[in-house]
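Novice: Got a predicted structure here, sequence first:
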Amino acid sequence: MTILAIVLLCVGAWIVFIFNGLVGLRNQVANAFRQIDVQLKRRHDLIPNLVESVKGEMKFEKETLERVIQARAAAVSAGQGGAPGDIMAKEGMLTQALGRLMAVSENYPNLKANEGVRTLMEELTHTENQIGFSRQFYNDVVTKFNTTQQVFPANMFAAMLGFSPAVLWELPADSPERETPKVDLAV
């Protein structure tokens, strides 16, 4: 009888250990996603200032500016309680629109010479890099969380304990960001 009690106590302690480990990883996934959210908020705050700064010079690029504004609005609205997949898709569209804006702005010497625009572009570039690092960290934590759920013996209990795999931050298959950039060195 005492042997059965010891075995049951060990199995119970083992399940508690698995549960606590999964809770810790789930919280790390949530934290990593919120860190991306912080960087996205910074990007969302920079965009209106950048658009206003370049608007006068880029009269002929009105469509590009409107795309950036629309993509920002969609990304902000998705970020307010949206599903991770929707947030990822909308942020991908915003990234594409910003890339177009940055590429087009290279054609305007007055913009390149404007200190305020240059500072905003540098801040936006820095923020884009931070977003990339945050996404990488998020995917690392998600991979660890998902792997822990899928390996034996945790895989026997993870679903019963209420855990499900987290979604990786990835580009949709049809995303223009997957296209190879075209470089034109003819100057």
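Specialist: Okay, I see it.
Novice: lowest average confidence, helix or strand, in this protein?
Specialist: Across the helices and strands of the chain, mean confidence by mean pLDDT, DSSP states H and E is lowest for helix 109-113: a mean of 71.
Novice: any idea which helix is longest in the protein?
Specialist: What stands out as the longest helix in the chain, according to DSSP state H, is helix 2-55.
Novice: Quick check: what element follows that one along the chain?
Specialist: Under the assignment DSSP states H and E, the closest C-terminal helix or strand after helix 2-55 is helix 62-79.
Novice: what angle separates that following helix from helix 2-55?
Specialist: 150 degrees (axes from the mean of the first three to the mean of the last three CA atoms, to 10 degrees).
Novice: With just CA atoms, put the next helix or strand along the chain from helix 62-79 into CSV.
Specialist: Next helix or strand after helix 62-79 toward the C-terminus (DSSP H and E): helix 84-105. Output of helix 84-105 as CSV, limited to C-alpha atoms (Å, rounded to 0.1, in the frame of the first residue of the first chain):
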residue,chain,number,x,y,z
PRO,A,84,-2.5,37.0,-33.8
GLY,A,85,-2.9,35.8,-37.5
ASP,A,86,-4.9,39.0,-38.4
ILE,A,87,-2.3,41.2,-36.6
MET,A,88,0.5,39.5,-38.5
ALA,A,89,-1.2,39.9,-41.9
LYS,A,90,-2.0,43.6,-41.3
GLU,A,91,1.5,44.4,-40.0
GLY,A,92,2.9,42.6,-43.1
MET,A,93,0.9,45.0,-45.3
LEU,A,94,2.1,47.9,-43.3
THR,A,95,5.7,46.8,-43.7
GLN,A,96,5.3,46.5,-47.4
ALA,A,97,3.7,50.0,-47.6
LEU,A,98,6.5,51.5,-45.5
GLY,A,99,9.1,49.8,-47.7
ARG,A,100,7.6,51.4,-50.8
LEU,A,101,7.5,54.8,-49.1
MET,A,102,11.2,54.5,-48.1
ALA,A,103,12.2,53.4,-51.6
VAL,A,104,10.2,56.2,-53.3
SER,A,105,11.6,58.8,-50.9
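Novice: I am finished for the moment; much appreciated.
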